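1. quick one: sequence plus predicted model below, questions after.
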Amino acid sequence: MNCYHLRTNPGLEPVLAAEIAGLTAAGLTTAASVPDAAAAGRSVWADTRTEEVPRGRRGWVAVTSPEPLPAVAFDELRTVYEVLEVAATVPVPAAATTDGDRYLAMIRDLAAEVSLPWPRPAESFAVRCLRVGNHPVNSPDVERTVGGVVAGASGARVNLSAPDVTIRADLDDDLLTIGRLLGSPTRDRRFTWAYRPRITLSTVVAAACLRLSAATDPQHPGAHPHDPALPAGAILDPFCGSGTIAIEAAARRVRDPDVPWAPVYAADIAPEAVAGTRANLAANALARAVVVRRADATALADTWVDRGIGAIVCNPPFGVRLGRRLNFDQFYRELLDGAAAVLPPGGRLVLLSSRRRGRLNHVIADRPQWWLRGVHLIEIGGVFPGIFVLERRDVGAIVRTTPGADIDPETGARAD
């Protein structure tokens, strides 16, 4: 059995697993990327199995397959940073976790027991280590130790700048995972950026937010007939920043020009964000795929009513810099009320909130036109924002009791 570990943001494992399941169900990744599978009339994903957080590896999803999967088989996935073809996952004995030299000796012995089919003698290689947890050694120590084992066993030469093969020796607490990187080590860097602020949303998180804005039930009014990863109506990002969400949405839609897609809209109150988003769209040949304008996100009804908006997906730019002077209650009230005026019943509002999530939950609880479908707590560089998924409800069909009685004010979970 062949095993692959796919890395995403911790907390997004269910989203990545659902994306893989979508490829399996749709039979994608055949003709364009894997001709042999197309000739057989089946998807390369047909017999795969998926496991979230394999052996406790947060941020990873495991895929097992009876047949080897080529690197291009993973190219359809948008919520993954990298793919690791796993040779072995072995526990590091607890007795080796306090002394650095003893720990490295144990790593060397464990690596020597793993039979690696790569690299070949004529290939160059490098070893990279991703560590999670506390260890008595650092990543370069592990890389040098495992690199010595690989060089001795294969006869291949080391090339740290442009290796033919990248071997991974990852440590997750007391687990050592050894394998090779499959395909690009930067699958998330799929766009060109002419304008890039200091802090930008990753394309992986943007793709995950777009998936969460789409209804998976084909009978749902917000379900798209052609792409289950996107909503049926137009997509609006009213805090476009550098345009990551709009670019990700537009890139998915323009790949199939024969399908009658709804528009993608991007807006921001900051002139530099509007200009930067337009520059980034042009840099990726998407200038005609997105309508960009300057507009106030706290007054959505003034601009976006009757535009056929099916989903609003956004990353409001309030962190430490703006959070000190932002009235969160008023901000959330204006955003949710404006979104309710723009979206039809079944339309979704997906937004990230890294500060004052409790305030957002209380505002949601007082608004029966919104159904909080869930909150995905994720990790982004040591910060733990929540992705809130709200669905517009038909207020006339709602019978409510005490406002907010069914919502946990901290997690946002709604009781059944």
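-> That came through, no problem.

2. tell me the domain boundaries of this structure?
-> 2-181, 203-397 (automatic domain parsing).

3. after the strand or helix carrying residue 278, which helix or strand is next?
-> In the assignment (DSSP states H and E), residue 278 maps to helix 271-283. Moving toward the C-terminus from helix 271-283, the next helix or strand (DSSP H and E) is strand 290-294.

4. ok, now which ones touch residue 181?
-> 82, 83, 84, 85, 128, 165, 166, 167, 168 (Cβ atoms under 8 Å, 6 or more residues apart in numbering). (Each C-beta comes from the backbone N, C-alpha and C, glycine too.)

5. now, which of those residues sits nearest residue 43?
-> Residue 43 has its nearest neighbour among these in residue 83, at 17.1 Å by Cβ to Cβ.

6. quick check: closest non-adjacent residue to the closest one.
-> residue 182 (4.4 Å; Cβ to Cβ, 6 or more residues apart in numbering).

7. am I right that that neighbour is in contact with residue 86?
-> No. Taking contacts as Cβ atoms under 8 Å, residue 182 lies outside contact range of residue 86: 9.9 Å.

8. looking at these two, which one has more neighbours?
-> Between residue 182 and residue 86, counted using other Cβ atoms under 10 Å, the more crowded position is residue 182 (23 against 20).

9. hang on, the earlier thing: scan the contacts of residue 181 and report the most crowded one.
-> residue 167 (26 neighbours).

10. so it sits against residue 129, correct?
-> No. In this structure, residue 167 is not within contact of residue 129 by Cβ under 8 Å, at 9.6 Å.

11. okay, and the common contacts of the two?
-> By Cβ under 8 Å, 6+ apart, the residues touching both residue 167 and residue 129 are residue 146.

12. identify the contacts common to residue 182 and residue 86.
-> With Cβ under 8 Å, 6+ apart, residue 182 and residue 86 have common neighbours residue 4.

13. where along the stretch 1-150 of the chain do the helices fall?
-> With DSSP state H, counting those that start in this stretch, the ranges of helices along the stretch 1-150 of the chain come out as 13-26, 35-39, 100-112, 139-154.

14. what's the burial count for residue 2?
-> Neighbour count of residue 2, defined by other Cβ under 10 Å: 13.

15. for it, list each beta-bridge partner.
-> Under the criterion DSSP bridges, residue 2 forms beta bridges with residue 65.

16. tell me the contacts of it?
-> 64, 65, 66, 67, 68, 69, 85.

17. low pLDDT regions in the stretch 151-300 of the chain?
-> 216-229, 257 (pLDDT under 70).

18. again, 80 this time
-> Where the stretch 151-300 of the chain drops to pLDDT under 80, the residues are 215-230, 232, 254-261.

19. which residues of it fall in strands?
-> 157-158, 165-172, 175-181, 234-237, 264-268, 290-294 (DSSP state E, counting those that start in this stretch).

20. just checking: what are the partner strands of the fifth one?
-> Right, the one you point to is strand 264-268. Assessed with DSSP bridges, strand 264-268 is paired to strand 234-237 (parallel), strand 290-294 (parallel).

21. out of these, which comes closest to residue 192?
-> strand 290-294 (15.0 Å).

22. hmm, back to that, which other helices and strands contact the helix holding residue 278?
-> Packed against helix 271-283 by the contact rule (3 or more Cβ pairs under 8 Å, 6 or more residues apart in numbering; DSSP states H and E) you find helix 244-254, strand 264-268, strand 290-294.

23. report the contact partners of residue 178.
-> By Cβ under 8 Å, 6+ apart, the contact set of residue 178 is 86-90, 111, 114, 116, 146, 167-170.

24. ok, now residue 290?
-> Applying Cβ under 8 Å, 6+ apart, the residues near residue 290 are 243, 246, 247, 249, 250, 263, 264, 265, 266, 277, 281.

25. again, only using 10 Å
-> 235, 237, 240, 243, 246-247, 249-250, 253-254, 263-266, 277-278, 280-281 (Cβ atoms under 10 Å, 6 or more residues apart in numbering).

26. cool, residue 170 as well?
-> Contacts for residue 170 (Cβ under 10 Å, 6+ apart) come out as 5, 7, 57, 60, 84, 86, 89, 128-132, 139, 142, 176-179.

27. that concludes my questions; thank you for your assistance.
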